[in-house]
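Colleague: Predicted model follows, preceded by the sequence.
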There are 2 protein chains.
Amino acid sequence: MCELLGMSANVPTDICFSFSGLMQRGGRTGPHRDGWGITFYEGKGFRTFKDPNPSYNSKIAELVQKYPIKSCSVISHIRQANRGGVKLENTHPFTRELWGRFWTFAHNGQLTDYQKLDTGRFRPVGETDSELAFCWLLKQMGQRFPEPPTDMAALFRFIAECCETLKGLGVYNMLLSDSEYLMTFCTNNLHWITRRAPFGQASLIDEDVTVNFQEETTPNDVVTVIATQPLTDNEQWQKMQPGESVLFYLGEKVDL
Amino acid sequence: MCELLGMSANVPTDICFSFSGLMQRGGRTGPHRDGWGITFYEGKGFRTFKDPNPSYNSKIAELVQKYPIKSCSVISHIRQANRGGVKLENTHPFTRELWGRFWTFAHNGQLTDYQKLDTGRFRPVGETDSELAFCWLLKQMGQRFPEPPTDMAALFRFIAECCETLKGLGVYNMLLSDSEYLMTFCTNNLHWITRRAPFGQASLIDEDVTVNFQEETTPNDVVTVIATQPLTDNEQWQKMQPGESVLFYLGEKVDL
């Protein structure tokens, strides 16, 4: 199993606090020693930091924790390898272009019989079930919508159907973003929380850190954090149900 | 105009020395204030660091200079914007997948009438002539070789022909890599040097730094560096001719 972390916000927000908690699970408080990665969108562009080494003692993870990169959409992943060796090309998140946008994807779980999925022109580079599932998903999306879709609700309903198919192959918890939207799909473990004014204090489960969000935010900020397991112990996280899909647009939950 | 830097080597080698020289041109000894980027291959995977801010005072550039990431194939670029605003999505290098490999591309120069190039399924995300040219090139490659090519010389001869077409639209100096090969194309400014035993000393033009490669290498290392302008003042760099294409495979020049 791996751990997922996502953020969707209406103003560029740094994820240092949540990332600090997650990184401790990469070999210290958790067993996920086989690499980590994080993708930040900035406008239509993105930056990805990743490492096939454990996150808790990675120089690059240290930079990411210290350097407050602000973004409205972030996807992060720490890995405990099951399918595919411990290599950079097998390290999540994965990003590919479709319709002139960059789509970023991370998966937690394990699929069987995934080799039969036809990925068309989106060929995997590494050997993971996750990258292959992502390539298949993009092929489905491009096939159903040969031109960039304007009805985004229809697009995300279609993606949810595809996720249902992938869930049929095993455990499929997913985060997917195109920079503005962040889509989640749950098979067994995924939690989310939306923080908005009045902001309070939060304390990390994995590290002895407390943050007062009131000092870090303005009254109009809306920030949603999605994680495999709750990262704080004094807030109420929403537990997602098996087969449930939740879509966020710049911090706010959107009906599908 | 921008500056390009590439490295092709037969063993994973760090590029800290050459990158230090290049970064000074990003707003200090040169006028290239509009961002910089660097892509390192590691196996079939890659890591990219980029910033739309000037390189000479970038926190991430500092990390890359200090942290010796070793790679057999590196492409770097510092930018002085002409086409497309100063944004992350307009910052080189650009990377896309074709045939299950990641192709990385950087361009120096300026094209006119480039909007008419048909990029097919490879849609640009940003607004630069460079990304559009890259998308067009990938479309040509995919069209000529629908399946992954086995005759790599034929592939790179075809790419050289495409580069000739792009040179017809303006100034087109290019670096392109698929992790093992590094292809160069020159319109006006591109220089390269291959370093091998016996290694000597080299001193940077842009900074008061000298490195003794003998202390950094083993006798079998072969390391080629390609740059817009020579980075050292005590070595003999090869100046490329207009319309010339040079291909490197793991450090060694390969006949096209």
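Modeller: Looks like it came in fine.
Colleague: Show the backbone phi and psi for the residue lying closest to residue A:42 once chain neighbours are set aside.
Modeller: Residue nearest to residue A:42 in three dimensions, not counting chain neighbours: residue B:88, with 4.5 Å by Cβ to Cβ, 6 or more residues apart in numbering or on different chains. Backbone N, C-alpha and C define where each C-beta goes, glycine included. Residue B:88 has phi and psi values of phi -60, psi -40 when expressed as degrees, to the nearest 10.
Colleague: right, and residue B:88 touches residue A:40 too?
Modeller: No. Residue B:88 is not in contact with residue A:40 according to Cβ atoms under 8 Å; the separation is 9.3 Å.
Colleague: which of those two has more neighbours?
Modeller: Remark: of residue B:88 and residue A:40, residue A:40 carries more neighbours, 25 against 21, as counted by other Cβ atoms under 10 Å in any protein chain shown.
Colleague: Tell me who's in contact with the more buried one.
Modeller: Applying Cβ atoms under 8 Å, 6 or more residues apart in numbering or on different chains, one finds that residue A:40 lies in contact with A:15, A:46, A:47, A:48, A:69, A:71, A:73, A:74.
Colleague: now do 7 Å
Modeller: A:46, A:47, A:69, A:71, A:74 (Cβ atoms under 7 Å, 6 or more residues apart in numbering or on different chains).
Colleague: just to confirm, which helix or strand has it in it?
Modeller: Using DSSP states H and E, residue A:40 falls within strand A:36-42.
Colleague: mind checking how far that strand is from the chain centre?
Modeller: Chain-centre distance of strand A:36-42: 9 Å, with Cα atoms, centre = their mean, to the nearest Å.
Colleague: Okay, now the sheet partners of it, with direction.
Modeller: Counting by DSSP bridges, the strands paired with strand A:36-42 are strand A:45-51 (antiparallel), strand A:70-78 (antiparallel).
Colleague: highest average neighbour count across those?
Modeller: Among the strands paired with strand A:36-42, strand A:70-78 has the highest mean neighbour count (mean count of other Cβ atoms under 10 Å in any protein chain shown), at a mean of 26.
Colleague: returning to what we had before: and the strands paired with strand A:36-42: which comes nearest residue B:179?
Modeller: Closest approach to residue B:179 among the strands paired with strand A:36-42 is made by strand A:45-51 (15.8 Å; Cβ to Cβ).
Colleague: Quick check: what element follows the closest one along the chain?
Modeller: Heading C-terminal from strand A:45-51 (DSSP H and E), you reach helix A:59-66.
Colleague: mind listing what's buried in that next one?
Modeller: A:60, A:61, A:63, A:64, A:65 (16 or more other Cβ atoms under 10 Å in any protein chain shown).
Colleague: Apart from its chain neighbours, what residue comes closest to the third one?
Modeller: Leaving out its chain neighbours, the residue that sits closest to residue A:63 by Cβ to Cβ, 6+ apart is residue B:63, at 5.3 Å.
Colleague: Before we move on, what's the pLDDT of that neighbour?
Modeller: pLDDT recorded at residue B:63 is 79.
Colleague: swap in residue A:1?
Modeller: 53.
Colleague: Look at the closest residue to residue A:176 other than its chain neighbours and say how many residues are nearby.
Modeller: Distances taken as Cβ to Cβ, 6+ apart place residue A:183 nearest to residue A:176, at 4.6 Å, with adjacent residues excluded. Each residue near residue A:183 was counted by other Cβ under 10 Å, and the total is 26.
Colleague: Kindly report the same for residue A:102.
Modeller: The burial count for residue A:102: 18, using other Cβ under 10 Å.
Colleague: Not counting its neighbours along the chain, what's nearest residue A:212?
Modeller: residue A:201 (5.0 Å).
Colleague: what about the residue nearest to residue A:176, distance to residue B:232?
Modeller: 50 Å (Cβ to Cβ, to the nearest Å).
Colleague: Contacts only, for the closest residue to chain B within the stretch 101-250 of chain A.
Modeller: Per Cβ to the nearest Cβ, residue A:123 is where the stretch 101-250 of chain A lies closest to chain B, at 3.7 Å. When contacts are counted by Cβ under 7 Å, 6+ apart, residue A:123 touches A:135, B:97, B:99, B:100.
Colleague: what helix or strand does the residue nearest to the last one when sequence neighbours are not counted sit in?
Modeller: Spelled out, that is residue B:100. Of all residues beyond its chain neighbours, the one nearest residue B:100 is residue A:123 (3.7 Å), with distances taken as Cβ to Cβ, 6+ apart. Of the helices and strands defined by DSSP H and E, none includes residue A:123.
Colleague: Kindly report the same for residue A:132.
Modeller: Residue A:132 belongs to helix A:129-144, assigned by DSSP H and E.
Colleague: Tell me the buried residues in the following helix or strand past that helix?
Modeller: Where DSSP H and E defines the elements, the next helix or strand beyond helix A:129-144 is helix A:152-167. Buried residues in helix A:152-167, counting neighbours by 16+ other Cβ under 10 Å, are found at A:155, A:156, A:158, A:159, A:160, A:162, A:163, A:166, A:167.
Colleague: Equivalent analysis for stretch A:88-104, please.
Modeller: A:88-99, A:101-104.
Colleague: What of stretch A:180-189?
Modeller: In stretch A:180-189, counting by 16+ other Cβ under 10 Å, buried: A:181, A:182, A:183, A:184, A:185, A:186, A:187, A:189.
Colleague: gap between the two ends of it?
Modeller: 24 Å (Cα to Cα, to the nearest Å).
Colleague: which residues sit against that stretch?
Modeller: A:6, A:8, A:73, A:109, A:152, A:156, A:159-160, A:163, A:167, A:171-176, A:190, A:192, A:226, A:228-229, A:240-242, A:244-250.
Colleague: 6 Å instead?
Modeller: A:6, A:8, A:73, A:109, A:156, A:163, A:167, A:171-176, A:190, A:226, A:228, A:240, A:242, A:244-249 (Cβ atoms under 6 Å, 6 or more residues apart in numbering or on different chains).
Colleague: cool, and stretch A:156-164?
Modeller: Residues contacting stretch A:156-164 (Cβ under 6 Å, 6+ apart): A:137, A:140, A:144, A:183, A:185, A:245, A:247, A:256.
Colleague: Go again with 7 Å.
Modeller: A:137, A:140, A:141, A:144, A:172, A:174, A:183, A:185, A:243, A:245, A:247, A:256.
Colleague: Tabulate those in JSON lines, adding columns for pLDDT.
Modeller: As requested, the contacts of stretch A:156-164 are arranged in JSON lines below (pLDDT from 0 to 100):
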{"residue": "A:137", "pLDDT": "98"}
{"residue": "A:140", "pLDDT": "98"}
{"residue": "A:141", "pLDDT": "98"}
{"residue": "A:144", "pLDDT": "98"}
{"residue": "A:172", "pLDDT": "98"}
{"residue": "A:174", "pLDDT": "98"}
{"residue": "A:183", "pLDDT": "98"}
{"residue": "A:185", "pLDDT": "98"}
{"residue": "A:243", "pLDDT": "97"}
{"residue": "A:245", "pLDDT": "97"}
{"residue": "A:247", "pLDDT": "98"}
{"residue": "A:256", "pLDDT": "85"}
